[in-house]
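**Q** coordinates only, no sequence provided:
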């Protein structure tokens, strides 16, 4: 079982001390979009409601237009701004990954080709 | 004091469960190259000797040619393969960062422009 190397890239957008966007927050936005509520999104991602709320508050505080609009008793939804931000995050992540992969050739080629069974 | 958003990208190369290369390991290679010893490199980076050794062992086990050649009593130096791997890692990281930045425009534009003093 040869085990090829793989590139992992983590992209974060920082504003001062806050993290405006990152892999976890992007997934949370997707889950809120898919479920229509912060509570259901938290359950889907296996995180506490409190943690999901804190992530939403941190995101909302970083952008000039809040990304998540939550109405007590009426669920939550993404703003138009959130959709634009999320699309740009995914595009930026994919572009970074593709470019990093392209330049990584000599590093990948130098990796041991076998898995743990060849030592 | 306006606080512009900034993109942070972390690139890791994984081989199975091991992390073959990442920001900390790349900095350690640079420090070994600059100091000629694992102990001095560890001191420069503020990490324990033991931790530096474990990182070196993890790296060496992931590549077909060891990256760090340590000789008891004679310090440590990078192999030619290490220089190629390190150059590819830095190039891959820079290319990823540039591409991610380029695609991040709409996300950066949506950030709050002011710092903590404008709320």
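**A** Done, it's in. Predicted, not measured: the structure shown is a model, and the values here were computed from it.
**Q** mind listing what residue A:63 touches?
**A** Residue A:63 makes contact with A:20, A:81, A:85, B:110-112 under the criterion CB atoms under 8 Å, 6 or more residues apart in numbering or on different chains. All C-beta spots, glycine's among them, are computed from the backbone N, C-alpha and C.
**Q** which of these has the most neighbours?
**A** Using other CB atoms under 10 Å in any protein chain shown as the neighbour criterion, residue A:85 leads the contacts of residue A:63 with 30 neighbours.
**Q** what distance do you get for that one to residue B:105?
**A** 11 Å (CB to CB, to the nearest Å).
**Q** and the angle from the lengthiest strand in chain A to strand B:6-15?
**A** Taking DSSP state E as the criterion, chain A has its longest strand at strand A:6-15. Here strand A:6-15 runs at an angle of 160 degrees relative to strand B:6-15 (axes from the mean of the first three to the mean of the last three CA atoms, to 10 degrees).
**Q** what lies in contact with strand A:6-15?
**A** Looking at strand A:6-15 with CB under 8 Å, 6+ apart, the contacting residues turn out to be A:19-23, A:62, A:89, A:92-93, A:96-97, A:100-101, A:104, A:108, B:3, B:5-15, B:92, B:96, B:100, B:104, B:107-108, B:111-112.
**Q** low-confidence ranges in chain A?
**A** Counting by pLDDT under 70, chain A has low-confidence residues at A:1-3, A:114-119.
**Q** find the centremost residue of it, please.
**A** Most central in chain A under CA atoms, centre = their mean is residue A:23, positioned 1.9 Å from the mean C-alpha point.
**Q** can you give me the strands in chain A?
**A** Under DSSP E, chain A gives strands at A:6-15, A:18-21, A:68-70, A:76-78.
**Q** redo those strands as JSON lines? Include distance to residue A:40.
**A** Shown next, in JSON lines, are the strands of chain A (distance: least, CB to CB, whole Å):
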{"stretch": "strand A:6-15", "distance to residue A:40": "25"}
{"stretch": "strand A:18-21", "distance to residue A:40": "21"}
{"stretch": "strand A:68-70", "distance to residue A:40": "12"}
{"stretch": "strand A:76-78", "distance to residue A:40": "9"}
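**Q** residue B:30 is nearest to which of those strands?
**A** Smallest distance to residue B:30 across these (CB to CB): 20.2 Å, for strand A:6-15.
**Q** okay, buried residues for that closest one please.
**A** In terms of neighbour count (16 or more other CB atoms under 10 Å in any protein chain shown), strand A:6-15 has its buried residues at A:7, A:9, A:11-15.
**Q** I'd say residue A:28 and residue A:54 touch.
**A** No. Applying CB atoms under 8 Å, one finds residue A:28 not in contact with residue A:54, separated by 10.5 Å.
**Q** neighbour count winner among those two?
**A** Ranked by neighbour count (other CB under 10 Å), residue A:28 and residue A:54 place residue A:28 first, with 24 against 12.
**Q** hmm, back to that, the longest strand of chain A pairs with which strands, and in what direction?
**A** Counting by DSSP bridges, the strands paired with strand A:6-15 are strand A:18-21 (antiparallel), strand B:6-15 (antiparallel).
**Q** can you point me to the longest helix in chain A?
**A** helix A:80-103 (DSSP state H).
**Q** now the angle from that helix to strand A:6-15?
**A** Here helix A:80-103 runs at 140 degrees with respect to strand A:6-15, directions being taken by the same axes, to 10 degrees.
**Q** right, I'll call it a day here.
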